[in-house]
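*Asks:* Test case, fold it:
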Amino acid sequence: MFKHFANDYFNFTRKERAGIISIMALIIIFMILPFLFPFFIKQSTYDFAQVENDIAVLNSKKLQDADKKYNRNFDENNYQNYYQPSDKNYYKTQNKGELFYFDPNTLSADGWVRLGIREKTAATIQKYIAKGGKFYKPEDISKIWGLHQNDINRLLPYVRIAPTTAPVYTDNKKIQPQVAYENHTKKIISVDINDADTSALIALPGIGSKLANRIISFRDKLGGFYKIEQVAETYALPDSTYQKIKSSLQISNPEVKKININMATVDELKLHPYIRYHLANAIVQYRGQHGDFASLSDLKKIMIFSDDIYNKVEPYLSLK
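*Replies:* All right, here's what the predicted structure looks like:
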């Protein structure tokens with residue numbers, strides 16, 4: 001019976017066999033077809049050299065448009081045309097350059113470029129000076145066309161103008177001599193870093209409001225500075241800036257706020273920048289196992305307290 005059933009089930013007519021073969025052939029063809037596409041369909045090719053050429057043409061057009069705009073604003077007979085607002089987006093790609101003391105009346109174009117000023121702006125300054133233009137005081141550089149406000153703020157402390165006489169035009173248009181402008185260099189100031197407020201710190205070269213606040217915040221978290229070198233540890237204070245100001249720093253009272261290691265909790269200890277959690281927890285754990293510290297040097301018995309760490313944090317610790 002099973003044999004009869006199998007014969008009925010697996011026997012196909014001639015048309016059925018032809019249909020099955022056709023379907024199998026189509027399946028095979030569709031499986032192979034994706035691999036045959038590259039032979040029949042031409043892939044698009046891109047000429048990257050042409051793309052780069054198009055980009056160069058666009059950039060050239062932009063420069064030409066900028067030159068046209070510059071020529072419209074420039075009048076060779078009127079020096080005031082050098083005094084135009086700077087481009088807002090210029091500073092995003094401007095390199096800060098090297099900082100040094102300079103006289104804008106005598107500085108060469110290469111010198112301006114060393115300061116981080118664009119060659120085009122440097123050339124504008126040279127043309128202004130060549131036509132008789134003068135800078136009489138440091139603030140005059142703020143009138144330079146093309147000089148961004150960030151560059152002005154950066155360069156202003158380094159401007160040193162030799163004494164000169166500025167012409168004054170009277171009502172009868174006769175030129176009268178004016179009292180020479182004296183370029184007073186900044187007096188060397190001395191700042192007590194344990195007592196100074198933000199205004200005293202801002203008076204130092206290279207220190208703005210943000211750095212001044214960071215120094216004071218770091219000082220408060222420490223409990224005061226016991227040596228000047230600690231200022232260099234302030235977050236985001238460049239070493240070049242620290243080197244400029246360290247000769248102006250002093251400590252008249254090196255006493256600092258101390259923490260009683262026999263009483264302080266982990267939460268109290270970890271707030272100190274030199275201790276943090278891992279040292280705070282080690283101190284409290286050791287104290288819980290061995291009792292109160294008899295001397296500060298007992299901290300060296302804790303494995304993670306190296307001599308360097310101990311010497312750094314010891315001035316801020318006490319036993320009572």
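*Asks:* Tell me who's in contact with residue 279.
*Replies:* By C-beta atoms under 8 Å, 6 or more residues apart in numbering, the residues touching residue 279 are 269, 270, 304, 305, 309, 313. To be clear about C-beta, it is placed using only N, CA and C from the backbone, and glycine gets the same treatment.
*Asks:* Enumerate every residue touching the second one.
*Replies:* Contacts here follow C-beta under 8 Å, 6+ apart; on that basis residue 270 touches 276, 277, 279, 280, 281.
*Asks:* Buried only: go through those for me.
*Replies:* Applying 16 or more other C-beta atoms under 10 Å to those, the neighbour count classes 279, 280 as buried.
*Asks:* Determine which two of the contacts of residue 270 are furthest apart.
*Replies:* Taking C-beta to C-beta as the measure, the contacts of residue 270 reach their widest spread between 276 and 281, a distance of 9.4 Å.
*Asks:* before we move on, back to that, mind putting the contacts of residue 279 in JSON lines, pLDDT, distance to residue 231 and secondary structure included?
*Replies:* Listed next are the contacts of residue 279 as JSON lines, based on pLDDT from 0 to 100; distance: C-beta to C-beta, whole Å; DSSP: H, G, I helix; E, B strand; the rest coil:
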{"residue": "269", "pLDDT": "95", "distance to residue 231": "23", "secondary structure": "helix"}
{"residue": "270", "pLDDT": "94", "distance to residue 231": "23", "secondary structure": "coil"}
{"residue": "304", "pLDDT": "91", "distance to residue 231": "26", "secondary structure": "coil"}
{"residue": "305", "pLDDT": "92", "distance to residue 231": "25", "secondary structure": "coil"}
{"residue": "309", "pLDDT": "94", "distance to residue 231": "20", "secondary structure": "helix"}
{"residue": "313", "pLDDT": "95", "distance to residue 231": "17", "secondary structure": "helix"}
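*Asks:* Buried members of those residues into PyMOL, please.
*Replies:* To isolate the buried ones among these in PyMOL, judged by 16+ other C-beta under 10 Å, type:
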select buried, resi 269+270+305+309+313
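*Asks:* wait, which of the contacts of residue 279 is closest to residue 228?
*Replies:* Nearest to residue 228 among those: residue 313, at 17.9 Å, using C-beta to C-beta.
*Asks:* how far away is that closest one from residue 305?
*Replies:* For residue 313, the distance to residue 305 under the criterion C-beta to C-beta, to the nearest Å works out to 8 Å.
*Asks:* where does the stretch 151-300 of the chain dip in pLDDT?
*Replies:* Counting by pLDDT under 70, the stretch 151-300 of the chain has low-confidence residues at 164-188.
*Asks:* same check, this time on the stretch 1-150 of the chain
*Replies:* Within the stretch 1-150 of the chain, the stretches falling below the threshold (pLDDT under 70) are 1-10, 40-53, 56-57, 59-96.
*Asks:* swap the cut-off to 80 and go again
*Replies:* The stretch 1-150 of the chain contains residues with pLDDT under 80 at 1-13, 36-98, 100, 143, 145-147.
*Asks:* contacting residues around the closest residue to residue 205 other than its chain neighbours?
*Replies:* On the basis of C-beta to C-beta, 6 or more residues apart in numbering, the spatially nearest residue to residue 205 that is not a chain neighbour turns out to be residue 244, at 5.1 Å. Neighbouring residues of residue 244 by C-beta under 8 Å, 6+ apart: 204, 205, 206.
*Asks:* Helix, strand or coil: sort out the residue nearest the centre of the chain for me.
*Replies:* For the chain, the residue lying nearest the average C-alpha position, counting by C-alpha atoms, centre = their mean, turns out to be residue 236 (9.6 Å). Of the three states, residue 236 takes coil under DSSP: H, G, I helix; E, B strand; the rest coil.
*Asks:* which SSE is the closest residue to it other than its chain neighbours in?
*Replies:* Counting by C-beta to C-beta, 6+ apart, residue 236 lies nearest to residue 214, which is 6.6 Å off, once chain neighbours are set aside. When elements are defined using DSSP states H and E, residue 214 is found to belong to helix 209-222.
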